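> I'll drop the sequence and a predicted model, then ask my questions.
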Amino acid sequence: MKPKLLVVDDEKNTREALRRALEDYFEVFLSVNVETTRNLLQSEPMDVVLTDLRLGSESGLDVLHLCQKHSPPPPCVVMTAYGSVESAVEAIKKGAYDYVTKPLDLDRTQLLLRRAVQAVKVERENIQLRAQLDRSFGLDRILGKSEAMEKVLDQVRQVADSKASVLLEGESGTGKELVARALHGLSSRRGAPFVAVHCAALSPQLLESELFGHEKGSFTGATERRVGRFEQANGGTIFLDEIGEIDAATQVKLLRVLGERAFERVGGNRLIEVDVRLVAATHRSLEKLVREGKFREDLFFRIRVVQILLPPLRARPEDIPLLAESFRHEYGRENGKEELPFSKECMEALVAYSWPGNVRELRTAVEHGVVLAKGKFIEPGDLPMAVRRDGGSTISVHQDQSLKLDELKQSAIHAALEKSGRNISQAARALGISRRTLHRKLAEPAKKGKVRR
């Protein structure tokens, strides 16, 4: 099928000439003014629009504005007289695809319009492909529309296919392993293994054996050779959760693996070469551990080639309803309660709570509510006691008044500042936002109403 072209010009001869010149390549629609253009855009999804900048008493910029209101917006090419190129440049600044000058070079105009259609087609295909990749490789499981989470998702997409080591920092329960799996799934290594090791759960001797394997008889209980996790992950990704917990000896061996891409098993002397991408995670400040002499500085810089900060849930309260609904559907299916919604008061309680356990705690709380609910709604009384109590770090919820998200954001910001001793950099890291964003939010006028903590 030919792409659809809308030509907007108040001169009949120009419109007809363009129709004859371009109808071999496009299905051409004609419009004389802004109102006709609005009606045509509503009735026909156009692939490209060609409009004169001067439409009698009207302006082609109004046509451009109409195009931009549609989803997806068709590219708009503007026509202008030779002496009014400045106006065309202004139109491009406002979103026009390109411009042509009158008298028109019809061959150049036809080529430009076809190029605009192709560029938009490629862009839409890329958007669809990215959405497919997100669904296929786990990024869609990282729910959130807040500014902080959009930043995380953009970073994941940008660095996923690189070879760089990535350090994920954030409180427990913020979804670091989900992000690690998404980094692997979006990379060219996705056909190879993803191997996760939870360092804090193992003693130093067991951790070394777990990571690098051991030879038979290398220590008491080593009754056979064991292949370590680095060998298992060869060609793929290894995820070291809570990397700040590893001991000094294992840090040295890990540094060698990252530098030389080789190691020996415990009790062995044969060099084993591997090609592994490292993703590490920690809820502790590795910089502080370095200053305290508990973590090697050279290893710290080796693993923190790219740093991604995962914000705590209290710093993105606008994501709580989205996450809660997702968990409600999941546990509703498991428990035969798919049609059981949250009451208004229950959602208010979920949004108001500070969530020290982050997304992991929210998931558990929603499952608790689904299982215990007896009525037509999940009520505040169905939630765990910690979520519905009034006190501590919990913001009290009144059934007759819904707390605003802006107030919750400000509460989280001031709490982070107090905890960091008014240190902007530390507070921004704790909230998962940049210093610039934190400065901007602090400069916003205070909202009306009180938040009681």
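Yep, it's here.
> any chance you could map the strands in this protein?
Along the chain, the segments classed as strands by DSSP state E run 4-8, 27-31, 48-52, 54-55, 58-59, 76-81, 98-102, 166-169, 194-198, 237-241, 262-263, 272-273, 277-282, 306-309.
> quick check: mean pLDDT across the fifth one?
In other words, strand 58-59. For strand 58-59, mean pLDDT rounds to 88.
> residues in contact with that strand?
Residues outside strand 58-59 that contact it (C-beta atoms under 8 Å, 6 or more residues apart in numbering) are 10, 33-34, 53. In this view, the C-beta of every residue, glycine as well, is placed from N, C-alpha and C.
> Swap in 7 Å and give it another go.
33-34, 53 (C-beta atoms under 7 Å, 6 or more residues apart in numbering).
> what's the spacing between the nearest residue to Leu255 once chain neighbours are set aside and Arg225?
Leaving aside its chain neighbours, Leu255 sits nearest to Leu299 (4.7 Å; criterion: C-beta to C-beta, 6 or more residues apart in numbering). Remark: distance between Leu299 and Arg225 (C-beta to C-beta, to the nearest Å) = 27 Å.
> who touches Pro45 in this structure?
Per C-beta under 7 Å, 6+ apart, neighbours of Pro45: none.
> Which pLDDT does the model give the nearest residue to Val195 once chain neighbours are set aside?
Of all residues not flanking Val195 in the chain, Ala233 sits nearest, at 4.0 Å (C-beta to C-beta, 6+ apart). pLDDT recorded at Ala233 is 92.
> Quick check, Ala233 in contact with Arg189.
No: if you go by C-beta atoms under 7 Å, Ala233 and Arg189 don't touch, sitting 9.3 Å apart.
> Give me the more crowded residue out of the two.
Ala233 (25 against 21; other C-beta atoms under 10 Å).
> can you pull the contacts of that one?
Contacts of Ala233 (C-beta under 7 Å, 6+ apart): 193, 195, 276.
> and the last one, how many neighbours?
Around Val276 sit 22 other residues, with neighbours defined as other C-beta under 10 Å.
> Please report how far it lies from Phe301.
18 Å.
> and stretch 356-367, what's its mean pLDDT?
Stretch 356-367 comes out at a mean pLDDT of 93.
> Please state the offset of it from the chain centre?
Averaging C-alpha positions (C-alpha atoms, centre = their mean, to the nearest Å) puts stretch 356-367 20 Å from its chain's average.
> Could you list the residues in contact with it?
Applying C-beta under 7 Å, 6+ apart, the set of residues contacting stretch 356-367 is 171-175, 312-313, 320, 323-324, 327-328, 331, 355, 383-384, 387, 393.
> List the buried residues for it?
356-359, 361-363, 365-367 (16 or more other C-beta atoms under 10 Å).
> so the residue nearest to Leu255 touches Lys253, yeah?
No: applying C-beta under 7 Å, one finds Leu299 not in contact with Lys253, separated by 10.2 Å.
> So for those two, which residue has more residues nearby?
It is Leu299, of Leu299 and Lys253, that has more neighbours when counted by other C-beta under 10 Å, with 21 against 17.
> confidence score at that one?
So Leu299 comes in at 94 (pLDDT).
> Tyr99 is in contact with Ala88, isn't it?
Yes: between Tyr99 and Ala88 a contact is recorded at 3.6 Å, counting by C-beta under 7 Å.
> okay, and the common contacts of these two?
Going by C-beta under 7 Å, 6+ apart, residues that sit against Tyr99 and also against Ala88 are 78, 80.
> thinking again about what came up before, and the contacts of strand 58-59 as CSV, adding neighbour count and pLDDT?
CSV is the format used below for the contacts of strand 58-59 (neighbours: other C-beta atoms under 10 Å; pLDDT from 0 to 100):
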residue, neighbour count, pLDDT
Asn33, 16, 93
Val34, 20, 92
Leu53, 21, 89
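> What are the buried residues along stretch 68-88?
Applying 16+ other C-beta under 10 Å to stretch 68-88 flags 73-80, 87-88 as buried.
> Make JSON lines from the residues you listed and add distance to Leu153 and pLDDT to it.
Formatted as JSON lines, the buried residues of stretch 68-88 follow (distance: C-beta to C-beta, whole Å; pLDDT from 0 to 100):
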{"residue": "Pro73", "distance to Leu153": "23", "pLDDT": "87"}
{"residue": "Pro74", "distance to Leu153": "27", "pLDDT": "91"}
{"residue": "Pro75", "distance to Leu153": "27", "pLDDT": "92"}
{"residue": "Cys76", "distance to Leu153": "29", "pLDDT": "93"}
{"residue": "Val77", "distance to Leu153": "33", "pLDDT": "93"}
{"residue": "Val78", "distance to Leu153": "35", "pLDDT": "92"}
{"residue": "Met79", "distance to Leu153": "40", "pLDDT": "91"}
{"residue": "Thr80", "distance to Leu153": "40", "pLDDT": "87"}
{"residue": "Ser87", "distance to Leu153": "38", "pLDDT": "81"}
{"residue": "Ala88", "distance to Leu153": "36", "pLDDT": "80"}
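> any chance of these in CSV, with distance to Phe377 too?
Shown next, in CSV, are the buried residues of stretch 68-88 (distance: C-beta to C-beta, whole Å):
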residue, distance to Phe377
Pro73, 41
Pro74, 44
Pro75, 48
Cys76, 48
Val77, 54
Val78, 54
Met79, 59
Thr80, 60
Ser87, 58
Ala88, 58
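> Which of those sits closest to Met149?
Relative to Met149, the closest of these is Pro73; by C-beta to C-beta it sits at 25.5 Å.
> residues contacting the closest one?
Cys67.
> So what does Leu53 look like in phi/psi?
Dihedral angles phi and psi of Leu53 (degrees, to the nearest 10) take the values phi -70, psi -30.
> Got the domain ranges for this structure?
The record's domain parsing of the chain by automatic domain parsing lists 4-127, 141-309, 312-453.
> Tell me how far the second one lies from the chain's centre.
The one in question is domain 141-309. For domain 141-309, the distance to the chain centre is 22 Å (C-alpha atoms, centre = their mean).
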